[in-house]
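>>> Show me the folded form of this:
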Amino acid sequence: MSAHAPLVALRWLARILAAVSVAVLLLFLFGEPFGLSNLTLAQLVASVFFPFGLIVGLILGWFRELVGGLVAVGSVACFYLVFVNLYQEWPGWWFLVFALPGFLYASYGLASGGRYGR
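Residues are numbered from 1 along each chain as shown. Have a look, this model is predicted:
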């Protein structure tokens, strides 16, 4: 067994979970008619971060793990900030479930230092 096998496993776990997250988010976006014209400016700003920023980060993470992971996690963090400022309440923890692959990408990127899989 190779010394970097756990890192390879972490990388592939992140990729598989990212593919699932992106697929589910796309089903939410396109599975039902969405009234974009009914959103306020603040809600549009929030949607830039979740789901769009998250999707971009998860796709980017497939090629550049650290950058993609930071974009994904940062997008969800910004979404939480906008949501709390907009509604003065916590949106719940389930948004972080979609960001889990971003945390895994960032962990892989930090642990590997970009040495493996290039």
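>>> burial measure for residue 37, as a count.
For residue 37, the neighbour count with other CB atoms under 10 Å is 5. From N, CA and C alone the C-beta is placed, and that goes for glycine too.
>>> can you tell me how far it sits from residue 20?
30 Å (CB to CB, to the nearest Å).
>>> roughly how far is the longest helix seen in the chain from the heart of the chain?
As assigned by DSSP state H, the longest helix anywhere in the chain is helix 5-30. Going by CA atoms, centre = their mean, to the nearest Å, the spacing between the C-alpha centre of helix 5-30 and its chain's C-alpha centre is 9 Å.
>>> Please apply the same query to stretch 52-69.
Taking CA atoms, centre = their mean, the mean C-alpha location of stretch 52-69 is offset from the chain mean by 7 Å.
>>> Stretch 95-106 now?
Put simply, stretch 95-106 sits 5 Å off its chain's centre (CA atoms, centre = their mean).
>>> Use 448 as the first number from now on
I'll keep to 448 as the first residue from here, and by that count the last item is stretch 542-553.
>>> Pull the residues that contact it.
With contacts defined as CB atoms under 8 Å, 6 or more residues apart in numbering, stretch 542-553 is touched by 457, 460-462, 464-465, 468, 471-472, 497-498, 501, 504-505, 508, 512-513, 515-520, 522-523, 526-527.
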